[in-house]
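A.B. asks: here you go, sequence then predicted model.
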Amino acid sequence: MEGKDVELCDSFEVHENLLKIVNETMPEETELYDLAELFKVFGDSTRIRILFVLFEAEVCVCDLAKALNMTQSAISHQLRILKQSKLVKNRREGKSIFYSLADEHVRTIIAQGREHIEED
């Protein structure tokens, strides 16, 4: 908040009409938990780097490891998390496993995040 204190109301007044709307539209606690868990997955720069590679092409673990200068083991660990969160999918071709983005939502989430951090 750039050194500014949080502004508080001068008096305590509950706006019942607004609370009613909030209570009617608030998602279930389990959905809020799942959403928070999803955003935690985006909280790791290695996983973000993997997603950026997958924006460009479907690649195997070997290619990801080489592109990001990491071990296959480290890449596999991060891919497991991304797959569990339904952010990436994979397919087998011979002895190789190729990974790609699960859907366009992943690209949209990252694009919106980038837009937000680039705002003045």
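C.D. replies: Nice, I can see it. Residues are numbered from 1 along each chain as shown.

A.B. asks: separation between S73 and E104?
C.D. replies: 30 Å (Cβ to Cβ, to the nearest Å). (Each C-beta comes from the backbone N, C-alpha and C, glycine too.)

A.B. asks: again with A74
C.D. replies: For A74, the distance to E104 - Cβ to Cβ - is 27 Å.

A.B. asks: which of those two has more neighbours?
C.D. replies: Shown here are A74 and E104; by other Cβ atoms under 10 Å, A74 has more neighbours (13 against 9).

A.B. asks: identify the residues contacting that one.
C.D. replies: A74 makes contacts with T46, A65, as judged by Cβ atoms under 8 Å, 6 or more residues apart in numbering.

A.B. asks: same question for S76.
C.D. replies: V61.

A.B. asks: which element is it on?
C.D. replies: helix 72-84 (DSSP states H and E).

A.B. asks: following that helix, which helix or strand comes up?
C.D. replies: Following helix 72-84 in sequence, per DSSP H and E, is strand 88-93.
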